[in-house]
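Trainee: Any chance you could fold what I've pasted below:
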Amino acid sequence: MASEKLYMESIDACYLRGFSATVIAADETSVTLDKTLFYPLGGGQNWDTGTLSWSGGELNVTEVRGRSEVQHFIGEDHGLEIGETVEGEIDWERRHAHMRMHTAQHLVSGIVYEMYGGARTVGNQIHANRSRIDFNPVKFTDEMIEELFHKANEMVDTNMAVTDCIMTRAEINAIMPPERTNMDLLPISVKQLRVIKIGDNVDLCPCAGTHIRALGEIGDLEFIGRKNKGKGTTRVSYTLGGCED
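Mentor: A predicted model of the protein is given here:
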């Protein structure tokens, strides 16, 4: 039985902090729930943390994994059994940082594609205090980096709306080139895709991550560094104002 991912219902659902669920599987260190607000590791985004509480106690959720059945790791001797009801609460500061960081990644990836010859995003890692994006093929100069972050912060200042919807592959490909949306990396069996859109298609990309409602919520994008990863790939690292190390 798959876990229902409550944060996937809408952008607004990404802002929810608490939920009730039923245990559908349990082992020595973790439980699987019929529904969850906890984001599991995947798509370059790190997992949520928080707490699970029930009539027998409360424990910290330290790790979340799984694509279909989502496992919440809460340590040994938790005592939970199948059929029990739990109350979940996510760590909002960590979640909100991931939402801001991930939306910033979409924005920067879209700008790089448009400004620098269709350079693709070939990897990313989203964390609460700093994140990184791998681009190919591109070799950034200092001037290009300055131009990129200036443009990104200009876009943030517009406070453009961020929305989500469900689209087919054909619908997405009619708007954006497949190489921009990395359509080739998605299983061909998946026909209906959740899409994150910035403004009027400033960026449009299939994504199962958590995001904010408008660009202004990102705050200032701050360049940390770049690194040559070989074969035309450059890694750009950034943080956001208000995200502590």
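
Trainee: what mean pLDDT does stretch 101-114 have?
Mentor: Across stretch 101-114, pLDDT averages out at 97.

Trainee: Also stretch 5-17?
Mentor: Stretch 5-17 comes out at a mean pLDDT of 97.

Trainee: Quick one: end-to-end distance for it.
Mentor: 13 Å (Cα to Cα, to the nearest Å).

Trainee: residues of it that come out buried?
Mentor: With burial defined by 16 or more other Cβ atoms under 10 Å, the residues of stretch 5-17 counted as buried are Lys5, Leu6, Tyr7, Ile11, Cys14. From N, CA and C alone the C-beta is placed, and that goes for glycine too.

Trainee: Now do the last one against Val70, distance only.
Mentor: For Cys14, the distance to Val70 (Cβ to Cβ, to the nearest Å) stands at 16 Å.

Trainee: In strands, which of the buried residues of stretch 5-17 appear?
Mentor: Lys5 (DSSP state E).

Trainee: possible to save the buried residues of stretch 5-17 as a markdown table with distance to Gln105?
Mentor: Formatted as a markdown table, the buried residues of stretch 5-17 follow (distance: Cβ to Cβ, whole Å):
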| residue | distance to Gln105 |
| --- | --- |
| Lys5 | 20 |
| Leu6 | 22 |
| Tyr7 | 17 |
| Ile11 | 16 |
| Cys14 | 15 |
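
Trainee: What is the most widely separated pair among the buried residues of stretch 5-17?
Mentor: Largest separation among those by Cβ to Cβ: Lys5 and Ile11, giving 13.8 Å.

Trainee: and the residue nearest to the spatial centre of the chain, what does it touch?
Mentor: In the chain, the centroid-proximal residue (Cα atoms, centre = their mean) is Gly209; its distance is 3.3 Å. By Cβ atoms under 8 Å, 6 or more residues apart in numbering, the residues touching Gly209 are Tyr39, Gly43, Gly44, Gln45, His98, His102, Ile126, Ile196.
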